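Participant: give me a model of this one.
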Amino acid sequence: MASRPRPKKKRTYAQMQTRQQRASAEKSEHRPGAGRERKLQKREALPPILIAALDVLARFRATQEPIQNIINPILKNRRFGNRDRNEIRDWVFQLQRQQSTLEKLLEQQVNAVGGVPPDRRMKDLALLLATMSAEMKATFETKTEDLLPESLLSFVQTARDEIQLEGLPPWLFEKLQNQFGDQAKDIEKAFLQKAVPAFAIDTQQADRQGIMKILEEAAIEVRPFSACPDAFWSAQHLPLSRLPVEVAQHVWPMDLGSQLIAHLVGALPSDQVLDMCAGGGGKTKALARTGCKLVATDVSNKRIIAAQKRSGLQHISFRCLDMTKPQLAEGMFDRILVDAPCTGTGTLRRHPDLLSRLNSEKVTEYVALQKQLLQQAERLVAPNGYVIYATCSFLKEENQDVVSWALENLNLSPVPLNELRPEGVLPEHQLEQHTLNILPHDFLSDGFFVAAFSKQ
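Facilitator: Here you go, the predicted structure:
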């Protein structure tokens, strides 16, 4: 009796893919003109850090979300370490600062050479190669040199030789010039530099002198911030993971200007204080060091949870509330910090993509929101209590104009900042007015505005 033929063993999808790839590779070895295939294979073999940067740019073009919101999940899911994450973030931000000038030059080079236009991802690769640091250049140049077409190779070389750091858009620089006159150029230059790493200290657990001594012994170079008694900064990249454990557990990353605002509130241990727009909770944590009775609110439950987790403190009352509407008891707070939502023009060093989302309608929306928050702050602050209004913007419409509106329409009077009794911050002459511009060329910080009021 004839034996039955054995049934063929089914191959898995992975096995089929491997076999097809092997056949394709063998075929391409013997076929002339396979350059395009080799280029495509090489593109897929790019270093992971470069692929991640390309994917961030592609997602940004598709969604127009803030780049910071795009970068974090992409890099976290791909298990990049802190050093690589910061390198990619800085790289993409550097490209964003020069985006419009580089794009114009790129199109000029492509049109001049002619031929088949490169696809968008190829253009993004060229933009990244044109803005990479010297260390990156040494790492990536040999891996990408035969990947770009002639037009993009020409662009990369020209951009490296000729392009300087791009300035602010003309409409925005004009606003700077109208407000700050001769300082405008220095402010613009500072806004286009990389932000310095800065840290706040939990003064209930440690002091700056002790922290600085430990860091000196660990050969980590940091400098004290003269305008704040409990802040320090580094001229080099300095993640928390590099700090000794006995330091890292008592400090947290926080912009120097943000720390200064928390100090200017001047909260006392006996004060009932409201942090009206707590956001991520940095200023909330700084305010809590004073031992005051603190309530922190925000319209976003997600941000409130993040702030609560960040502070790690049980004595702060966190509430998810829309503070543009009547909430809480009238006149129950001695001091209220209205850290108002704004255009964020003062944070351009950290969020250079912000300009692509900013327009006059957005400014109008924020101004209306800021006025609503001040109206509620007036209701909630006790007689003779203080309202401290702050933004991370340098636009007059959100700062001086809102302050003028509040003085005309609310039961609030201007008070000099030194009346709030902030300890150990700034020279006395800078506290004699009721408003203060905190600018990057003066303070190594983001840009902020702060104003002080008292309720009659």
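Participant: can you show me the helices along the stretch 1-150 of the chain?
Facilitator: 13-29, 35-44, 48-63, 67-77, 82-97, 99-113, 120-131, 134-144, 150-162 (DSSP state H, counting those that start in this stretch).
Participant: mean pLDDT lowest where, among those helices?
Facilitator: Note on those: lowest mean pLDDT is at helix 35-44, with a mean of 43.
Participant: pretty sure residue 308 contacts residue 318?
Facilitator: Yes - using CB atoms under 8 Å, residue 308 is in contact with residue 318, at 4.8 Å. For glycine as for every other residue, the C-beta is placed from the backbone atoms N, C-alpha and C.
Participant: neighbour-wise, which of the two wins?
Facilitator: Neighbours per residue, other CB atoms under 10 Å: of residue 308 and residue 318, the larger number sits with residue 318, 23 against 17.
Participant: and that one, helix, strand or coil?
Facilitator: strand (DSSP: H, G, I helix; E, B strand; the rest coil).
Participant: OK, contacts around it?
Facilitator: 278, 296-297, 304, 307-308 (CB atoms under 8 Å, 6 or more residues apart in numbering).
Participant: tell me which of the residues you listed fall in helices.
Facilitator: Judged by DSSP state H, the subset of the contacts of residue 318 located in helices is 304, 307-308.
Participant: quick check: of those residues, which lies closest to residue 365?
Facilitator: residue 304 (22.3 Å; CB to CB).
Participant: and the closest one, how many neighbours does it have?
Facilitator: 22.
Participant: try residue 204
Facilitator: 11.
Participant: same deal with the one 10 residues further on?
Facilitator: Here the number of neighbours of residue 214 (other CB under 10 Å) works out to 15.
Participant: next: residue 189.
Facilitator: 14.
Participant: isn't it up against residue 349?
Facilitator: No - checked against CB under 8 Å, the pair residue 189 and residue 349 is beyond contact range at 11.1 Å.
Participant: sorry, back to before: okay if I get the ones in helices among the contacts of residue 318 as JSON lines plus pLDDT?
Facilitator: Formatted as JSON lines, the ones in helices among the contacts of residue 318 follow (pLDDT from 0 to 100):
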{"residue": "304", "pLDDT": "93"}
{"residue": "307", "pLDDT": "89"}
{"residue": "308", "pLDDT": "89"}
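Participant: nearest to residue 256 among those residues?
Facilitator: residue 307 (19.9 Å).
Participant: show the backbone phi and psi for the residue nearest to that closest one when sequence neighbours are not counted.
Facilitator: What sits nearest to residue 307 in space, not counting adjacent residues and going by CB to CB, 6 or more residues apart in numbering, is residue 281, at 2.7 Å. Main-chain torsions, residue 281, degrees, to the nearest 10: phi 90, psi 10.
Participant: the residue lying closest to residue 64 once chain neighbours are set aside: how many residues sit nearby?
Facilitator: Of all residues not flanking residue 64 in the chain, residue 357 sits nearest, at 6.6 Å (CB to CB, 6+ apart). For residue 357, the neighbour count with other CB under 10 Å is 13.
Participant: how far away is residue 317 from residue 272?
Facilitator: For residue 317, the distance to residue 272 (CB to CB, to the nearest Å) stands at 10 Å.
Participant: do residue 377 as well
Facilitator: 14 Å.
Participant: same question for residue 117.
Facilitator: According to CB to CB, residue 117 and residue 272 sit 63 Å apart.
Participant: which of the two has more residues huddled nearby?
Facilitator: residue 272 (17 against 14).
Participant: ok, now which ones touch the more buried one?
Facilitator: 292-293, 295, 332-335.
Participant: next one: residue 261
Facilitator: Contacts for residue 261 (CB under 8 Å, 6+ apart) come out as 283, 337, 339, 388, 390, 438, 448, 450.
Participant: so which of these are in strands?
Facilitator: In strands, defined here by DSSP state E, the members of these are 337, 339, 388, 390, 438, 448, 450.
Participant: and the strands in the stretch 251-400 of the chain, which stretches?
Facilitator: Applying DSSP state E, counting those that start in this stretch to the stretch 251-400 of the chain gives strands spanning 251-253, 272-275, 293-298, 317-320, 333-339, 381-391.
Participant: mind giving me the packing neighbours of the first one?
Facilitator: Strand 251-253 sits against strand 198-201, with contacts defined as 3 or more CB pairs under 8 Å, 6 or more residues apart in numbering; DSSP states H and E.
Participant: downstream of the strand it packs on, the next helix or strand is which one?
Facilitator: helix 208-217 (DSSP states H and E).
Participant: just the C-alphas of that following helix, formatted as PDB.
Facilitator: The C-alpha trace of helix 208-217 is given here as PDB (Å, rounded to 0.1, in the frame of the first residue of the first chain):
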ATOM      1  CA  ARG A 208      22.200  75.600  50.100                       C
ATOM      2  CA  GLN A 209      25.600  75.700  51.800                       C
ATOM      3  CA  GLY A 210      25.400  72.100  52.800                       C
ATOM      4  CA  ILE A 211      24.200  71.000  49.300                       C
ATOM      5  CA  MET A 212      26.900  73.000  47.500                       C
ATOM      6  CA  LYS A 213      29.600  71.400  49.800                       C
ATOM      7  CA  ILE A 214      28.400  67.900  48.900                       C
ATOM      8  CA  LEU A 215      28.300  68.700  45.200                       C
ATOM      9  CA  GLU A 216      31.800  70.200  45.400                       C
ATOM     10  CA  GLU A 217      33.100  67.000  47.000                       C
END
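Participant: what pLDDT, on average, does it get?
Facilitator: 94.
Participant: just how off-centre is that helix within its chain?
Facilitator: Mean C-alpha position of helix 208-217 versus that of the full chain (CA atoms, centre = their mean, to the nearest Å) differs by 28 Å.
Participant: what does stretch 280-296 give?
Facilitator: The answer for stretch 280-296 is 21 Å, by CA atoms, centre = their mean.
Participant: before we move on, back to that, would you turn the strands of the stretch 251-400 of the chain into CSV with mean pLDDT?
Facilitator: Putting those into CSV (pLDDT from 0 to 100) gives the following:
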stretch, mean pLDDT
strand 251-253, 93
strand 272-275, 97
strand 293-298, 96
strand 317-320, 95
strand 333-339, 98
strand 381-391, 97
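Participant: alright, calling it a day.
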